[in-house]
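J.: for reference, the sequence and a predicted model appear below.
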Amino acid sequence: MSLAFTTEKQLAISAVRRACSLTSSVFNKLVKNETLTKGDKSPVTVADYSAQAIIGSILQRAFPQDPIVGEEDAAELRSESGATIRDRIVSLTNEALVGDLGLGDIAEWGIGPGSEQTPGQILDAIDRGNYEGGRTGRMWTVDPIDGTKGFLRGEQYAVCLALLVDAEVQVGVLGCPNLPVDPSNPDGDKGCLFVAVRGQGAQQMKLSGADPTPLSMPPYAPSTFNFLESVEAAHSSHSTNDKISKLMGITRPPIRMDSQAKYACLARGDGGAYMRMPTGVGYREKIWDHAAGSLIVEESGGIVTDSRGQQLDFGLGRTLGENHGVIACIKDAHAKLLQAVQQAVADEASVQSKA
Ligand SMILES: Nc1ncnc2c1ncn2[C@@H]1O[C@H](COP(=O)(O)O)[C@@H](O)[C@H]1OP(=O)(O)O
Ligand SMILES: [Mg+2]
Ligand SMILES: [Mg+2]
Ligand SMILES: [Mg+2]
């Protein structure tokens, strides 16, 4: 019997790997005027656009019927002021597309020597990410660089791609170019790829595709349990985590890291929970920030819910809807953690109502 989603899994690995080699090489060459600030004040670089163009272009060739919910769009690049950055993105994308075929790559996906695209095709590949999402059918979701701030600091970031079918994540891939392959040797080789298919487990491999190893989360051990959380205090509430941590009796400090690399690290046994509690500014979490990572954690034996204990709903459109936070955790610690979360949320609400 052939396994479900074999082609989709291989394609997602190939696309993410190609995008990762681009982001790594751009990091070393990035110049100041290659970073723009978007309407919401967040940064976006030529690497974000080019990585989305690569993934969009490969998906277009392999699965032309599948819509894509992607973080970036090409509107700015189509404007007159976007000409310089557009030319750079076109040449970076083509450089990456024509790179030699690697393990599992298929030339029919529009990669390898001779696969150049026109500027118009490259902008269209980025704009394929404009799909609004929804509850039914197949769709991909892509975050070409998750944790752009981490990328710019030379720290953690992730290239993220997931396939959803009827609002359920079926395939998830995270490429983490700056993540140590062996967590016990932080100064050793860097560059990991994490992949999961629903019902088939999760694996870590090197970015080259070599050395696939199954992931399985360790059982709950109170003495080593701690939180993974954002570096940026504006993205999730450090102070709420601190209260939850005290209620749980956790003594180890949190591990701060940008991007969905937190899901990947949790899946391979770091910390014990990835906590993303809202900061109260009305921000809605995006589906591309959680689809791949949540499946990787679930397929490694973990559990992912919001702060009410409910499953994340990927069928609401481009966002996860009203923000009740995200809690990804070792399965047998989840009930205890949820109790502490609800206590902390109730305490915060009562302090606010008295203020
Ligand atoms: N106010 C906010 N609350 C939560 N997440 C945010 C907020 N602003 C931006 N983000 C998103 O958080 C993600 C990074 O998370 P982390 O802090 O865990 O690394 C990015 O996708 C980033 O979006 P963007 O890509 O638009 O910058
Ligand atoms: Mg961004
Ligand atoms: Mg991003
Ligand atoms: Mg993101």
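T.: All right, it came through fine. Numbers count the residues shown, from 1 in each chain. Ligands and ions are numbered 1, 2, ... in the order given.

J.: show me what contacts whatever residue of the stretch 1-150 of the chain ends up closest to ligand 1?
T.: Of all residues in the stretch 1-150 of the chain, the one sitting closest to ligand 1 is Ser42 (3.5 Å; Cβ to the nearest ligand atom). C-betas here are computed from N, CA, C, even on glycine. Neighbouring residues of Ser42 by Cβ atoms under 8 Å, 6 or more residues apart in numbering: Thr148.

J.: in the chain, which helix or strand is least confident?
T.: strand 35-37 (a mean of 86; mean pLDDT, DSSP states H and E).

J.: buried residues in that strand, which are they?
T.: When burial is assessed from 16 or more other Cβ atoms under 10 Å, strand 35-37 yields the following buried residues: Thr35, Leu36.

J.: how far does it sit from the chain's center?
T.: Relative to its chain's centre, strand 35-37 lies at 20 Å (Cα atoms, centre = their mean, to the nearest Å).

J.: stretch 3-11 now?
T.: 19 Å.

J.: just the element for Trp140, please.
T.: Of the helices and strands defined by DSSP states H and E, Trp140 is found in strand 138-146.

J.: buried residues, that strand. List them.
T.: Result for strand 138-146 [16+ other Cβ under 10 Å]: buried residues Met139, Trp140, Thr141, Val142, Asp143, Pro144, Ile145, Asp146.

J.: C-terminal to it, which secondary structure element comes first?
T.: Strand 138-146 is succeeded, C-terminally, by helix 148-153 (DSSP H and E).

J.: and that next one with ligand 1, contact?
T.: Yes. Part of helix 148-153 sits near ligand 1 under the criterion Cβ under 6 Å from any ligand atom, namely Thr148, Gly150.

J.: pop the domain breakdown of the protein in here.
T.: Domain assignment for the chain by automatic domain parsing gives 6-214, 227-354.

J.: what strands line up against the strand holding Trp140, and which way round?
T.: Paired neighbours of strand 138-146 in the sheet (DSSP bridges): strand 68-70 (parallel), strand 158-165 (antiparallel).

J.: and the ones you listed, which is most packed in?
T.: strand 158-165 (a mean of 29; mean count of other Cβ atoms under 10 Å).

J.: immediately after that strand, which helix or strand?
T.: Criterion used, DSSP H and E; the element after strand 158-165 is strand 168-180.

J.: run the chain-centre distance for the very next helix or strand once past that following strand.
T.: Toward the C-terminal end, the helix or strand that comes next after strand 168-180 (DSSP H and E) is strand 190-197. On the basis of Cα atoms, centre = their mean, strand 190-197 sits 11 Å off its chain's mean C-alpha point.

J.: can you list contacts of strand 190-197?
T.: In contact with strand 190-197 (Cβ under 8 Å, 6+ apart) are residues 3-5, 9, 12-13, 16-17, 20, 24, 170-181, 202-209, 215, 264, 267, 292, 295-296, 298-300.

J.: in PyMOL, how would I select the buried members of the residues you listed?
T.: This is how PyMOL selects the buried members of those, with burial counted by 16+ other Cβ under 10 Å:
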select buried, resi 5+9+12+13+16+17+20+24+170+171+172+173+174+175+176+177+178+179+180+181+202+203+204+205+206+207+209+215+264+267+292+295+296+298+299+300
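
J.: and the stretch 1-150 of the chain, which residues reach ligand 2?
T.: Counting by Cβ under 5 Å from the ion, the residues of the stretch 1-150 of the chain close to ligand 2 are Ser42, Thr148.

J.: how about low-confidence regions in the protein?
T.: Within the chain, the ranges that satisfy pLDDT under 70 run 1, 32.

J.: could you pull out the strands for it?
T.: With DSSP state E applied, the chain shows strands at 35-37, 43-45, 68-70, 138-146, 158-165, 168-180, 190-197, 201-206, 213-214, 227-229, 255-256, 273-276, 302-305, 326-330, listed in chain order.

J.: quick check: residues of the stretch 201-350 of the chain near ligand 2?
T.: Nowhere does the stretch 201-350 of the chain come near ligand 2, counting by Cβ under 5 Å from the ion.

J.: please name the nearest non-neighbouring residue to whichever residue of the stretch 201-350 of the chain sits closest to ligand 3.
T.: Closest approach between the stretch 201-350 of the chain and ligand 3, counting by Cβ to the ion: Trp288, at 7.4 Å. Nearest non-adjacent residue to Trp288, counting by Cβ to Cβ, 6 or more residues apart in numbering: Asp143, 3.9 Å away.

J.: go on, Asn241?
T.: In space, Asn241 is closest to Met275, 5.0 Å off (Cβ to Cβ, 6+ apart).

J.: could you give the bridge partners of that neighbour?
T.: Note on Met275: beta-bridge partners by DSSP bridges are Ile327.

J.: so it sits against Met248, correct?
T.: No. With contact defined as Cβ atoms under 8 Å, Met275 does not count as touching Met248 (10.6 Å).

J.: who's in contact with the nearest residue to Gly309 once chain neighbours are set aside?
T.: Computed as Cβ to Cβ, 6+ apart, the closest residue to Gly309 that is not its neighbour in sequence is Leu338, at 5.1 Å. For Leu338, the contact set (Cβ under 8 Å, 6+ apart) comprises Thr305, Ser307, Gly309, Ile327.
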